[in-house]
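Engineer: Next come a sequence and a model predicted from it.
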Amino acid sequence: MVLLAAAICTKSGKQLLSRQFVEMTRSRIEGLLSAFPKLMSSGKQHTFIETESVRYVYQPLDKLYIVLITTKASNILEDLETLRMFARVVPEYCKILEEAEIIETSFDLIAAFDEIVALGYRENVNLAQIRTFTDMDSHEEKVFKAVREEQEREAKLEMKKKARELTQLRREAEKLGKTSSRMEFSGGISGGGGLKTMIMEPEEPVKVKTAQIRPSTMIGGGKAMKLGAKGGLKDVDSFVDKLRTEGEDVSTATLQQRGTSNAPAASSTPINATGINARIEEKLKVKCNRDGGLQSMEVIGMLTLRINEEKYTDCVISMSDEGIPSITYTPHPNIDKTLYNANGVLQHKQSGRTFPSRTDIGVLRWRYVPDDPALVPLSVTVWPQMDAGGGVTVTADYILQSMNLELMDVVIVIPLPAAGNADKPTIIQGNDVEITRKMIKWNIPIINSSESSGSMEFHIAHGDEDSFFPVEVHFTCTMSYCGVSVKDARTKQGESIELSTQTSFYTDSFTYEN
């Protein structure tokens, strides 16, 4: 067969999309397509029309036609098989077979058409291969989007943190019987900018320690970051530095506070430019079945220290936890393990050696693997219910099971059925619900003991119960799930060291599967 062109047009003859597979002038293809509606006659069952020079092979798609233009010598059976492949591809990229949707996805459709036919001849590909070829998976694009999303997320967390600090300062001033004479807000969220506050008081001002931002080192090279690989933070910094050299405005403050590329950091005390900064970071991995049964759960934690002054490199760190026996703690090989196991104290095991200064050092790791579903911080239920007309009503709810935690920026992602001819989902109940072509994102700003549950409901005109799984859950928290904390920091001579701590607990992967 020799396929000249493939096109999509309305039943009135309006041309929406056309892809030529051999050399043809624009006037030639427009003339052939404009003649197509005039050649159709009602009452006939065939799906092809022959003229003196070409053959039209077509198939109706709701209010549209998919039309193939071939030579008269082409094999009609092959033409019909190719037409069926085109007709299967179009609904894969267009959720609704309407004019606006065809125009919106026109480039995706053209790319898919090119995978079916090359230089006028049919390629031996199936629908799954076409989808794989046209996805054009880009690692660099994923890295770029991950950095952008992380910047936006951290900017929101910074705004909330500053707002809490302002509220705390105001309360302290009221307790002391002092009033603020001036409060000035400046800055913004875009690009990682923060919220600045200046409080003028007639007597002793409340002292607030602020972070000293150290610019990231400019790193060259062309290697992209590998998500999840060791040294991921350095790769992110390298990637952001490249963005900076290209003129992009990238905040160093948000990157300085981040533990990993996916871990939003939240401070429990202001970050010091002196003394010692301690960062506690915990990642949650959970896999449950759709009925709520726990398949696997793991919490991995790490304590990272940053010693800002050379005189404190011989520090002794006292730790505290809730005494959960099934948590496994692993100190760094240079830490005195006997002393830690006996007293919960971290110090260098060799008396003549000290910790490095002005760099992040991991000193303690822990791992917790519970098997009780009641220990999952947040329980999510998604219940699809089929109706007589083939539609599905989906009810989703959540319940906070760890009442001591306050979860922030919670997102529950529910996939939608594969693209078809049905309308978009209709939200029956629920707020802050984002609908995309492939999923529904239910955003909950905060879940805590006072707002521990909620529900959402939507209806979609097609699908089956398995189409709405797996469900993904994302959140961040400024508290340790395992109850790990730093009590104090001292020198070996007993001198107290100024200490600031930041704690973050977030989801690495949290899914409900079939």
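Structural biologist: Here it is on my side, so go on.
Engineer: Check the gap between the closest residue in space to residue 367 that isn't next to it in sequence and residue 291 for me.
Structural biologist: Leaving aside its chain neighbours, residue 367 sits nearest to residue 328 (4.9 Å; criterion: CB to CB, 6 or more residues apart in numbering). Just so you know, the C-beta spots here come from the backbone N, C-alpha and C atoms, and that holds for glycine as well. Distance, residue 328 to residue 291, using CB to CB, to the nearest Å: 29 Å.
Engineer: now do residue 474
Structural biologist: Following CB to CB, the distance that separates residue 474 from residue 291 is 21 Å.
Engineer: which one of the two has more residues nearby?
Structural biologist: residue 474 (19 against 8; other CB atoms under 10 Å).
Engineer: Next, the nearest residue to that one once chain neighbours are set aside: secondary structure please.
Structural biologist: Of all residues not flanking residue 474 in the chain, residue 411 sits nearest, at 4.5 Å (CB to CB, 6+ apart). Classification of residue 411 by DSSP: H, G, I helix; E, B strand; the rest coil places it in strand.
Engineer: I am assuming residue 411 contacts residue 471, so please confirm or correct that.
Structural biologist: No - using CB atoms under 8 Å, residue 411 is not in contact with residue 471; the gap is 11.0 Å.
Engineer: Who has more neighbours out of these two?
Structural biologist: Taking neighbours as other CB under 10 Å, residue 411 and residue 471 compare with residue 471 leading, 22 against 15.
Engineer: ok, the more buried one to residue 427 distance?
Structural biologist: 17 Å.
Engineer: cool, residue 28 as well?
Structural biologist: Residue 28 is 48 Å from residue 427, by CB to CB.
Engineer: cool, and residue 283?
Structural biologist: Taking CB to CB, one finds residue 283 at 32 Å from residue 427.
Engineer: more neighbours, those two?
Structural biologist: Counted by other CB under 10 Å, residue 283 and residue 427 do not tie: residue 283 has more neighbours, with 20 against 15.
Engineer: Was I right to think the more buried one contacts residue 506?
Structural biologist: Yes - taking CB under 8 Å as the definition, residue 283 is a contact partner of residue 506 at 6.6 Å.
Engineer: Would you tell me which helix is longest in the chain?
Structural biologist: helix 139-175 (DSSP state H).
Engineer: now that one: how far from the chain's centre is it?
Structural biologist: 17 Å (CA atoms, centre = their mean, to the nearest Å).
Engineer: What of stretch 87-98?
Structural biologist: 26 Å.
Engineer: Give me the mean pLDDT for that stretch.
Structural biologist: Averaging pLDDT along stretch 87-98 yields 83.
Engineer: Would you mind listing the buried residues in that stretch?
Structural biologist: For stretch 87-98, a neighbour-count test (16 or more other CB atoms under 10 Å) marks 89-98 as buried.
Engineer: The nearest residue to residue 344 once chain neighbours are set aside: helix or strand, and which one exactly?
Structural biologist: Closest residue to residue 344 apart from its sequence neighbours, by CB to CB, 6+ apart: residue 319 at 4.5 Å. Element membership for residue 319, per DSSP states H and E: strand 316-320.
Engineer: residues in contact with that strand?
Structural biologist: 276, 278, 303, 305, 340, 343-347, 363-364, 484-492 (CB atoms under 8 Å, 6 or more residues apart in numbering).
Engineer: Listing partners with orientation, what would you give for that strand?
Structural biologist: Using DSSP bridges, the strands paired with strand 316-320 are strand 345-346 (antiparallel), strand 485-490 (antiparallel).
Engineer: any chance of those in a markdown table, plus mean neighbour count, mean pLDDT and distance to residue 458?
Structural biologist: Below are the strands paired with strand 316-320 laid out as a markdown table (neighbours: other CB atoms under 10 Å; pLDDT from 0 to 100; distance: least, CB to CB, whole Å):
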| stretch | mean neighbour count | mean pLDDT | distance to residue 458 |
| --- | --- | --- | --- |
| strand 345-346 | 20 | 94 | 50 |
| strand 485-490 | 17 | 93 | 41 |
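Engineer: So which of those strands is nearest residue 118?
Structural biologist: strand 485-490 (63.0 Å; CB to CB).
Engineer: Tell me the first helix or strand C-terminal of the closest one.
Structural biologist: strand 499-513.
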